[in-house]
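Enquirer: Return a 3D structure for these sequence lines:
(chains A and B)
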Amino acid sequence: DAGVTQSPTHLIKTRGQQVTLRCSPKSGHDTVSWYQQALGQGPQFIFQYYEEEERQRGNFPDRFSGHQFPNYSSELNVNALLLGDSALYLCASSLGLGDRYEQYFGPGTRLTVT
Amino acid sequence: AQSVTQLDSHVSVSEGTPVLLRCNYSSSYSPSLFWYVQHPNKGLQLLLKYTSAATLVKGINGFEAEFKKSETSFHLTKPSAHMSDAAEYFCVVSGDNQGGKLIFGQGTELSVKP
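Expert: I've put the predicted structure just below:
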């Protein structure tokens, strides 16, 4: 059984560009959350998707947007990239909403903005 | 608002000696608390979870944590460190009592000396 998978593994972009990161949840999971982990910091919650809708959002600007597809996979889009967007982006999936469901994390996508 | 503070950014122990990683939390309601571990180039893995059942929680790989409401603490312990325990550890609190948003501490890097 494959766990949470993310693509690409690494990505280098230039300031002002746009980027799309992808996540496939663990089999049977319908809820996907995205986190940003800057170097030397703990992950910060970006947003959460369930039933193809954004259910919760952290303190991130509108440049960060997402989508969830009918097969529960998800994309994270970041527009007008800034140097400060350089980070490890983590996707987590769970069986449903609520903290009674364990969140399983993928290995992340390392984004470097130059 | 929910928050966690990890009191040590780095802890170094010798193999076979006890491990103590300290965490204090702040919550406006009875929280769910977690410890996650992050090995280099690997995804975050759940070590253990407290959700208002027993205050002493046992996790994987011999780790356990005790929820102390009076001290607002949730310290992680292990009787005997192993070289494979070297990693980054995150104390985590649920961001609310509905959606499953996770709020991470800054992390504690555990080093294990032979």
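Enquirer: Now for the closest residue to A:Gln17 other than its chain neighbours, how many residues are close by?
Expert: The shortest distance from A:Gln17 to any non-neighbouring residue, by Cβ to Cβ, 6 or more residues apart in numbering or on different chains, is to A:Leu81 (5.2 Å). Bear in mind the C-beta positions are built from the backbone N, C-alpha and C, glycine included. Residues near A:Leu81, counting by other Cβ atoms under 10 Å in any protein chain shown, number 19.
Enquirer: Spatially central, which residue of chain B would that be?
Expert: Against the mean C-alpha coordinate of chain B, by Cα atoms, centre = their mean, the closest residue is B:Trp35 at 3.3 Å.
Enquirer: Could you count how many residues lie near the residue of chain A found nearest chain B?
Expert: Proximity of chain A to chain B (Cβ to the nearest Cβ) peaks at A:Gly42, 3.3 Å away. For A:Gly42, the neighbour count with other Cβ under 10 Å is 22.
Enquirer: what sits up against the one helix or strand the residue nearest to the centre of chain B maps to?
Expert: Under the criterion of DSSP states H and E, B:Trp35 resides in strand B:33-38. With Cβ atoms under 8 Å, 6 or more residues apart in numbering or on different chains as the test, strand B:33-38 has contacts from A:105, B:4, B:21, B:23, B:25, B:44-50, B:59, B:63, B:65, B:67, B:74, B:76, B:87-94, B:102, B:104, B:107.
Enquirer: List the contacts of the residue nearest to A:Gln17.
Expert: Here A:Leu81 is in contact with A:Lys13, A:Thr14, A:Arg15, A:Gly16, A:Gln17, A:Gln18, A:Val19, A:Val113 (Cβ under 8 Å, 6+ apart).
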